[in-house]
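S.K.: predicted coordinates and the sequence they were generated for:
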Amino acid sequence: GDEVLRWVEERRRCDGGVIYVTLGTTAVPRVETLRAIRGALEEFAMEFEKLCVVWPLRLDSLHSLREHGEAAGFPPPPPNMKISGPIRSRLLVQHARIVAALVHGGATTVHELLYRGIPLAVLPFYIDQPHMASRVAAAGAGVALPWGGGPPEEVGTAVGAGLRAVIRDSEIRARAGVVGRALRRAGGVRRVV
């Protein structure tokens, strides 16, 4: 986590903020899906040069992506994109200026990011994640993307479109801020216990 934070701090290109990408710790997308997501994130990073994209992955996913990326002739990611192994996400969330996130829709991740008013593009994979994606979209705090296990090309296209929406749509950003304030006012664990 510290290495990724240092990378963010050293990048003058991060003046616009950080896009945080997390697919959680339990879902293991197919290699073709990881490649499609990587391609979409690289296009996004090149289009939005003032933003930095940070994508920590499970080690098995990272190794698969690197192995198949090199075999497919993938060039290194753009200079404003960092693909790494697992990090302590809480450190990044607390210390980097995250302006949007692509998430899997796990309840902890969604609540932690919305608590801070960060708009979300939610790419669900299983269990409760599709429901969580629809709730985020219903609240106007982000967009629900189609199932992450779908055709890789469609997943990649949806990722790019979803991130562009949460960056460009001022209403989504404003609604994420409203949801964040409501969550903070609710009192959290201290109020419940």
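M.R.: Sure thing, it's come through.
S.K.: give me the distance from the helix or strand of the chain with the lowest mean pLDDT to the chain's centre.
M.R.: Counting by mean pLDDT, DSSP states H and E, the chain has its least confident helix or strand at helix 188-192, which shows a mean of 74. Here helix 188-192 shows a centroid-to-chain-centroid distance of 27 Å under the convention Cα atoms, centre = their mean, to the nearest Å.
S.K.: do stretch 34-41 as well
M.R.: On Cα atoms, centre = their mean, the centre of stretch 34-41 falls 12 Å from that of its chain.
S.K.: now that stretch: average pLDDT?
M.R.: Mean per-residue pLDDT for stretch 34-41: 94.
S.K.: now swap in stretch 84-91 and tell me
M.R.: 87.
S.K.: would you mark the buried spots in that stretch?
M.R.: Within stretch 84-91, the residues that qualify as buried are 87, 89, counting by 16 or more other Cβ atoms under 10 Å. Where you see a C-beta, it was placed from the backbone N, CA and C, and this is true even at glycine.
S.K.: likewise for stretch 27-35?
M.R.: 27-29, 31, 33-35.
S.K.: please apply the same query to stretch 100-111.
M.R.: For stretch 100-111, a neighbour-count test (16+ other Cβ under 10 Å) marks 100-106, 109-110 as buried.
S.K.: among those, name the ones in helices.
M.R.: Applying DSSP state H to those, the entries found in helices are 109-110.
S.K.: farthest-apart pair in the buried residues of stretch 100-111, please.
M.R.: Ala100 and Gly106 (17.0 Å; Cβ to Cβ).
S.K.: all helices of this structure, in order?
M.R.: For the chain, the helices defined by DSSP H occupy 2-10, 31-47, 59-71, 89-95, 107-115, 129-138, 152-168, 170-186, 188-192.
S.K.: and Val21, which of those is closest to it?
M.R.: It's helix 31-47; of those, that one is closest to Val21 (Cβ to Cβ) at 6.5 Å.
S.K.: low-confidence ranges in the chain?
M.R.: 1, 12-13, 68-74, 192-193 (pLDDT under 70).
S.K.: just give me the neighbour total for the nearest residue to Arg116 once chain neighbours are set aside.
M.R.: Excluding its sequence neighbours, the residue lying closest to Arg116 (Cβ to Cβ, 6 or more residues apart in numbering) is Gly180, at 5.8 Å. Residues lying near Gly180 (other Cβ atoms under 10 Å) number 18.
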